[in-house]
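**Q** Fold the following for me, if possible:
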Amino acid sequence: MTTVVLNHELAQRLEQSEIECLESRLSAFQQLQGNPMGVEIQKFGQATAFSVRNIPGPSFNTVKGLKTGDEHAIEEMGNFYEQKEIPARFELAPANTSSELLTCLSRAGYYHHDFHTALYGTLSKKAKIEIQPNIGIHKLDRDEFDTFANIYVKGFGMPDFLKNGVAQNNKILYDIEGWTFYLATYENVPAGIGVLFIKDDIATLAAAATMPSLRNRGIQSALINHRINEAIDKGCSLIVGQVRFRSVSQNNMERAGLQIAYTKAIWTEK
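**A** Now for the predicted structure:
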């Protein structure tokens, strides 16, 4: 991986790739007959507001792409979420903010609640990475989503009754262009999962989890490296990831050669 200095244009590409990844996922949910999960995607100025009524957590209920100049739309976005009884949440990239925008959010009753790190790496065909021999990684078969869901809920500490929903919500994406799912095994035991989303020439490390009993064996690093290799094979020029600030996932991405692009500020209701 070679180093490319971040500039405004690249920062905008990274932010747009994050929006497109979530939009692709939620659009697939929305197109199911009757829109059973209650997905809404709405533009407000330059920002995109995402809402999933039946998955109330912050990952799918958030505003991305808010920029200076969108101050007039903050109240309308707040009303959009208030009608759904979901707290409004804004993800602010440094290149898009100003003191005027932050002041507007504060006056509207929002506060800076958390941080979120965006990382990137530039890809070269000469930079393919070796995977350690006791870890096997293969593209997930259609009939392996139960295994995928089991690792996902265990890895994120979710209750077991959510397994079926996790399996179905990801299986929906299996045949949609740009999405690929991977299963990692450690000494032939299912150990970790990873997801890759590609649009144009940008690859996104979209999701990953490891069985708690098999952590600290290099499984997530292997999944990151495998997806980097896949992105290289598919002709991508950039690979990106979004993680919680100072998380293990951030450390693993940095070890694989990705560098921090910027740290986003997460604003939510007081």
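**Q** Which stretches in the stretch 101-250 of the chain count as strands?
**A** Ranges of strands within the stretch 101-250 of the chain are 110-122, 135-139, 179-186, 189-199, 202-210, 238-244, based on DSSP state E, counting those that start in this stretch.
**Q** which ones are touching Ile137?
**A** Counting by Cβ atoms under 8 Å, 6 or more residues apart in numbering, Ile137 touches 131, 182-185, 194, 222-223, 226. Any C-beta I mention is one placed from the backbone N, CA and C, and that applies to glycine too.
**Q** Equivalent analysis for Glu130, please.
**A** Asn225.
**Q** Skipping adjacent residues, who's closest to the spatially most central residue of the chain in space?
**A** Residue closest to the average C-alpha location in the chain (Cα atoms, centre = their mean): Ala206, at 4.5 Å. Taking Cβ to Cβ, 6 or more residues apart in numbering, and ignoring the residues beside it in sequence, Ala206 has Val195 as its nearest neighbour in space, at 4.1 Å.
**Q** swap in Glu76?
**A** In space, Glu76 is closest to Phe44, 5.8 Å off (Cβ to Cβ, 6+ apart).
**Q** closest to Pro58 among the contacts of Ile137?
**A** In terms of Cβ to Cβ, no member of the contacts of Ile137 lies closer to Pro58 than Gly194, at 21.6 Å.
**Q** how near is Leu140 to Ile151?
**A** Here Leu140 is placed at a distance of 11 Å from Ile151 (Cβ to Cβ, to the nearest Å).
**Q** Now do the shared contacts for the two.
**A** With Cβ under 8 Å, 6+ apart, Leu140 and Ile151 have common neighbours 183, 193.
**Q** Tabulate the contacts of Ile137 (a markdown table), appending distance to Glu144 and pLDDT.
**A** Shown next, in a markdown table, are the contacts of Ile137 (distance: Cβ to Cβ, whole Å; pLDDT from 0 to 100):
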| residue | distance to Glu144 | pLDDT |
| --- | --- | --- |
| Ile131 | 19 | 72 |
| Tyr182 | 10 | 98 |
| Leu183 | 6 | 98 |
| Ala184 | 12 | 97 |
| Thr185 | 11 | 96 |
| Gly194 | 13 | 97 |
| Ala222 | 18 | 95 |
| Leu223 | 15 | 96 |
| His226 | 16 | 95 |
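**Q** any idea which residue of the protein is furthest from its center?
**A** Per Cα atoms, centre = their mean, the most distant residue from the centre of the chain is Arg107 (29.3 Å).
**Q** So that one versus Pro58, what's the distance?
**A** Applying Cβ to Cβ to Arg107 and Pro58 gives a distance of 22 Å.
**Q** residues making contact with stretch 215-230?
**A** Outside stretch 215-230, the residues touching it (Cβ under 8 Å, 6+ apart) are 1, 121, 123, 127-132, 135, 137, 180, 182, 184, 186, 191-194, 196, 203, 205, 208, 210, 239, 248-249, 252-253, 255-257.
**Q** One more: stretch 142-155?
**A** Applying Cβ under 8 Å, 6+ apart, the set of residues contacting stretch 142-155 is 140, 158-160, 162-164, 166-168, 170-171, 174, 181, 183, 190-193, 207, 209-212.
**Q** could you redo the last one with a cut-off of 6 Å?
**A** With Cβ atoms under 6 Å, 6 or more residues apart in numbering as the test, stretch 142-155 has contacts from 140, 162-163, 166-167, 171, 174, 190, 193, 209-211.
**Q** and stretch 5-15, which residues are buried?
**A** 6, 10-11, 13-15 (16 or more other Cβ atoms under 10 Å).
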